[in-house]
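Asker: need a structure here:
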Amino acid sequence: MLIFVHYTCFEGSYLDKMSLGHSLIHERYTMLERKVPSLVDMCIQLAIDNIRHLGDVGETDLHLLERILPHCKVDQLKHIEDSTERDLSTVTDKLWKKFYEKEFGANSTNLVCERMKDKKVSFEWKLLYEAKLKNLEEAQQKSFDRIKELYKKEDARKQSRQVRITTKVPPSSIKRSFYGGGPGSNISNTKSSIMKKSKLQFLNSHEVTNLAAIKKNGFQKRNGISSMRKQGVLSGKDSASTSKPIGRRF
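Answerer: Here you go, the predicted model:
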């Protein structure tokens with residue numbers, strides 16, 4: 001009885017040790033699998049690290065491209081597709097959809113999906129992305145042109161309201177004014193001719209002629225009276241000088 005119990009205990013401890021040993025071996029093997037990647041994994045990681053240099057992927061298996069291409073940026077993915085002759089849309093279409101949603105928002109993406117569903121059509125998300133980007137660039141350019149035109153008009157308006165002082169007169173304008181040319185001289189000549197004509201008409205008028213005759217008669221009368229007065233004064237002086245004796249002065 002005692003021998004049987006002892007054997008049973010020994011057998012149980014031995015089995016426990018065996019189980020523990022198997023678990024340790026399995027764990028070490030799993031750790032080895034994690035630490036030592038396969039050759040395929042190493043190639044994929046190398047391609048991801050140098051993805052900016054990738055171009056034509058040739059006949060690379062699609063399941064490998066599904067692990068590599070998600071690490072591309074927009075320009076990198078476009079370059080790979082443009083460089084590769086075969087169609088990669090089976091792998092890249094969902095990637096372009098993610099780019100579309102990231103760039104233009106989830107609402108715009110859902111709206112495009114609804115419209116394609118309603119119209120029962122389907123477009124590649126790469127084409128949709130490029131078309132949307134082009135429309136935005138054109139709208140942005142139109143907006144920039146409109147703002148630029150507004151600034152130009154505002155500058156022209158401000159310049160038109162500024163007062164400009166010029167210190168030098170152009171030689172051509174000086175020459176014209178010196179020789180009587182130009183618009184200013186024409187205006188002055190016109191005014192002077194009108195004034196001369198008006199003056200002649202005034203001088204030749206009947207009233208001015210009568211007034212001149214009256215002034216002339218009055219002037220002649222005054223001259224006659226003054227001459228008579230002068231003669232009388234001179235005669236008086238002569239008589240006084242003859243009657244008065246010349247005395248000697250000491």
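Asker: residues in contact with D87?
Answerer: Residues counted as contacts of D87 (C-beta atoms under 8 Å, 6 or more residues apart in numbering): none. From N, CA and C alone the C-beta is placed, and that goes for glycine too.
Asker: domains of this protein?
Answerer: Following automatic domain parsing, the chain resolves into domains at 39-156, 195-228.
Asker: Let me know how buried K134 is, in neighbour terms.
Answerer: Using other C-beta atoms under 10 Å, K134 has 10 other residues around it.
Asker: residues in contact with it?
Answerer: Not one residue lies near K134 by C-beta under 8 Å, 6+ apart.
Asker: Give me the distance between it and L127.
Answerer: Using C-beta to C-beta, to the nearest Å, K134 is found at 11 Å from L127.
Asker: A156 now?
Answerer: Plainly put, A156 is 43 Å away from L127 if you go by C-beta to C-beta.
Asker: swap in K117?
Answerer: 17 Å.
Asker: Any regions of this protein where pLDDT drops low?
Answerer: Residues of the chain that meet the criterion pLDDT under 70 lie in 1-35, 163-192, 198-250.
Asker: the helices in it, which residues?
Answerer: Using DSSP state H, the helices of the chain run over 2-35, 39-49, 62-68, 74-83, 89-104, 106-119, 125-161, 171-178, 182-203, 206-243.
Asker: Give me the residues contacting the fifth one.
Answerer: Translated: helix 89-104. Outside helix 89-104, the residues that touch it by C-beta under 8 Å, 6+ apart are 62, 65-66, 69-70, 72, 74, 77, 81, 108-109, 112, 124-126, 128-129, 132-133.
Asker: Show the buried residues in the residues you listed.
Answerer: Using 16 or more other C-beta atoms under 10 Å as the burial test, the contacts of helix 89-104 include L65, L69, C72, L77, E81, T109, V112, W125, K126, L128, Y129 as buried.
Asker: What sits closest to the first one if chain neighbours are left out?
Answerer: What sits nearest to L65 in space, not counting adjacent residues and going by C-beta to C-beta, 6 or more residues apart in numbering, is V91, at 5.0 Å.
Asker: Also the fifth one?
Answerer: If you skip the residues right next to it in sequence, E81 has L88 as its closest partner in space, 5.5 Å away by C-beta to C-beta, 6+ apart.
Asker: Distance check, the one you found against K152.
Answerer: Applying C-beta to C-beta, the value for L88 to K152 is 47 Å.
Asker: How about I194?
Answerer: Distance from I194 to K152, counting by C-beta to C-beta: 47 Å.
Asker: and what of N135?
Answerer: 26 Å.
Asker: Ok, Q140 next?
Answerer: As judged by C-beta to C-beta, Q140 and K152 stand 19 Å apart.
Asker: likewise D41?
Answerer: Counting by C-beta to C-beta, the gap from D41 to K152 is 61 Å.
Asker: Please report the number of neighbouring residues for Y100.
Answerer: 21.
Asker: Likewise for Q45?
Answerer: A total of 13 residues lie near Q45 under the criterion other C-beta under 10 Å.
Asker: residues in contact with it?
Answerer: P37.
Asker: With D49 instead?
Answerer: The contact partners of D49, by C-beta under 8 Å, 6+ apart, come to none.
Asker: Need phi/psi at the residue nearest to E81.
Answerer: The phi/psi pair for L88 (degrees, to the nearest 10) reads phi -110, psi 10.
Asker: just checking, it touches I80?
Answerer: Yes. Applying C-beta atoms under 8 Å, one finds L88 in contact with I80, separated by 7.4 Å.
Asker: Spit out the residues that contact the two alike.
Answerer: Common neighbours of L88 and I80 (C-beta under 8 Å, 6+ apart) are V57, L69.
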